[in-house]
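**Student:** Here is my input, please return the structure:
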Amino acid sequence: MDTAIGRIGRIGLWTTAWDAQPAARVRDLAPEIDELGFATLWIGEGFGRNPFVQAALLLGATDRLTVGTGIANIFLRDPIAMAAAERSLAEAYPGRFVLGLGGHRVDDRPLVHLGYRVPSGGRAVRTMSAYLDAMDAVPLQSPAPAAPSRRVLAALGPRMLDLAAARTAGALPYFVPVAHTRAARSRLGPDALLAVEQAVVLESDADGARDIARSHVGAYLAGGGAYARNMLRLGYRPDELTGRPSDRVVDALVAGGGPAALDAVDARIRAHFEAGADHVCLQVLTADQATAPITEWRRLAALGFADSRS
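**Tutor:** Have a look, this model is predicted:
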């Protein structure tokens, strides 16, 4: 795919596993990801390495790989810092960095220099819109990148999807079933990028795979929150959306597991594309989420799941 968002390919990878790896290990493994043929690697932000530092490590160790933040949390940094980091990577690695933004602030403290203040009530869409305004207002003095900066939003609800289409290249929904992809495409229109994260399990033991998948889904649904609300919008029942989610919910959010795991992953990817996705980024779940799943990535690539830069 060669669009305003760049050459991200049809199938990419999404992971937070780099956070637990020494920087030297990241530099050693990154070239193999490039050679396997995955055009884009999306990195999450939790309580590990700063995602911009992580992106610089990955980009510096590869020649072609596109790296995207999935996502950089606006709750954790001032718009000045976000804009400067975005521009620095875009300038240093033309066409190879995508800034995925998400999260929202919950207080109204002003941020330095720009007078940015969270709109009353801290509503997510208004907050994100104000944050984008503040980023655009930063008087950056660093060299302009050869290619324009590229941004996507971690959009789930209808109004955030509208904002993604209006203010950025598109949306990067996380933790969503195919039904959301279909609704998101309808809301975004035909031109905006729709890059969808899909969790997958390649474990051939059905019981072990189910445990991995249920643990992953339950961790995101425990206590409610935006992901649970999104599933409610899609017609799932409150009693299914708990720390021990129903099989129906687990199956909707995680593909694979069991003897036919790879066939199930292939079917889910195809379903997202048929529902309107432009790009699917695979998050491989294992029993040890602190270890980069390089063996599983190799399996996916060997079986044709990496479509390189087509």
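**Student:** longest strand in the chain, by residue count?
**Tutor:** strand 193-201 (DSSP state E).
**Student:** can you give me the mean pLDDT across the following helix or strand past that strand?
**Tutor:** Following strand 193-201 in sequence order, the next helix or strand is helix 206-221 (DSSP states H and E). For helix 206-221, mean pLDDT is 97.
**Student:** In the stretch 151-300 of the chain, what residue spans correspond to helices?
**Tutor:** Using DSSP state H, counting those that start in this stretch, the helices found in the stretch 151-300 of the chain span residues 158-167, 178-188, 206-221, 226-233, 247-253, 261-275, 294-302.
**Student:** Adding mean neighbour count and distance to residue 37 as columns, could you present these in a markdown table?
**Tutor:** C-betas here are computed from N, CA, C, even on glycine. Formatted as a markdown table, the helices of the stretch 151-300 of the chain follow (neighbours: other CB atoms under 10 Å; distance: least, CB to CB, whole Å):
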| stretch | mean neighbour count | distance to residue 37 |
| --- | --- | --- |
| helix 158-167 | 19 | 28 |
| helix 178-188 | 20 | 23 |
| helix 206-221 | 18 | 25 |
| helix 226-233 | 18 | 31 |
| helix 247-253 | 18 | 26 |
| helix 261-275 | 18 | 15 |
| helix 294-302 | 17 | 6 |
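**Student:** Can I get these in a markdown table including distance to residue 46?
**Tutor:** Formatted as a markdown table, the helices of the stretch 151-300 of the chain follow (distance: least, CB to CB, whole Å):
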| stretch | distance to residue 46 |
| --- | --- |
| helix 158-167 | 21 |
| helix 178-188 | 22 |
| helix 206-221 | 12 |
| helix 226-233 | 15 |
| helix 247-253 | 19 |
| helix 261-275 | 24 |
| helix 294-302 | 20 |
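**Student:** Restricting to C-alpha, output the helix or strand of the chain with the lowest mean pLDDT in PDB.
**Tutor:** Lowest by mean pLDDT, DSSP states H and E among the helices and strands of the chain is helix 124-137, with a mean of 92. Extracted C-alpha coordinates of helix 124-137, given in PDB (Å, rounded to 0.1, in the frame of the first residue of the first chain):
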ATOM      1  CA  ALA A 124     -12.100  12.100  25.200                       C
ATOM      2  CA  VAL A 125     -12.900  13.500  21.800                       C
ATOM      3  CA  ARG A 126     -12.700  17.200  22.800                       C
ATOM      4  CA  THR A 127      -9.500  16.400  24.700                       C
ATOM      5  CA  MET A 128      -7.900  14.700  21.700                       C
ATOM      6  CA  SER A 129      -9.000  17.500  19.400                       C
ATOM      7  CA  ALA A 130      -7.500  20.100  21.700                       C
ATOM      8  CA  TYR A 131      -4.300  18.100  22.000                       C
ATOM      9  CA  LEU A 132      -3.900  17.900  18.200                       C
ATOM     10  CA  ASP A 133      -4.500  21.700  18.000                       C
ATOM     11  CA  ALA A 134      -1.700  22.200  20.600                       C
ATOM     12  CA  MET A 135       0.700  19.800  18.700                       C
ATOM     13  CA  ASP A 136       0.100  21.700  15.500                       C
ATOM     14  CA  ALA A 137       0.800  25.000  17.200                       C
END
